[in-house]
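Enquirer: My questions are about this predicted structure, shown below with the sequence.
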Amino acid sequence: TRDYVSVKLTDQGYLLYLSKYLAPCLHTAVKPMWRDMLKDSLGVKESHDCDWAVHPGGKAVINVFHSEDLGANLTEDDLAPSWESLKHHGNLAAPSIFLVIKAVLERTAETKKDKVFVIGFGPGMVIKYYGLTKKE
């Protein structure tokens, strides 16, 4: 999977490459373990026990988390911060996740959730995740 996500430094800046095989690979990797990731990072069992901040790596990447057979049952509204970030800023590589986290945290009053599950990926198809808990 090393070639599925790669970054190359050029004279004009960074050139980011995402393979068309990235989303199916991400789906295969995340499907059996997303519940364990939620439990490990936040101590929750269900996808709707927290807000989600998914790295906006492209439409196909975000759609992985909408996928019916993934079993997370996330709606477009659940992933609105990821969609909005992709729409307004595109995929800025690693820093993109911070825009999504900011948007998720700004809407916690609306969702009434104090936990955020954050998931992203990187070169070599590394999946990184962590949990954030809002403190008053």
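Expert: Yep, it's here. Residues are numbered from 1 along each chain as shown.
Enquirer: From here on, just use CA atoms for contacts and neighbour counts.
Expert: Fine.
Enquirer: Report pLDDT for the residue nearest the centre of the chain.
Expert: Geometric centre of the chain, nearest residue: residue 54, 1.8 Å, by Cα atoms, centre = their mean. Per-residue confidence (pLDDT) for residue 54: 98.
Enquirer: residue with max distance from the center of this structure?
Expert: Within the chain, residue 11 marks the point farthest from the mean C-alpha position, 29.3 Å out by Cα atoms, centre = their mean.
Enquirer: And the helices in this structure, which stretches?
Expert: Taking DSSP state H as the test, the helices found in the chain are 22-30, 34-42, 59-64, 80-89, 96-106, 108-111.
Enquirer: So which of the ones you listed is nearest residue 120?
Expert: Residue 120 lies closest to helix 96-106 among the helices of the chain, at 7.2 Å (Cα to Cα).
Enquirer: which residues touch the closest one?
Expert: 51, 52, 53, 54, 55, 56, 81, 82, 85, 116, 118, 120 (Cα atoms under 8 Å, 6 or more residues apart in numbering).
Enquirer: How about that helix, which residues are buried there?
Expert: 96, 97, 99, 100, 101, 103, 104, 105 (16 or more other Cα atoms under 10 Å).
Enquirer: what does stretch 106-120 give?
Expert: By 16+ other Cα under 10 Å, the buried positions in stretch 106-120 come out as 108, 113, 114, 115, 116, 117, 118, 119, 120.
Enquirer: Any regions of the protein where pLDDT drops low?
Expert: Counting by pLDDT under 70, the chain has low-confidence residues at 1, 136.
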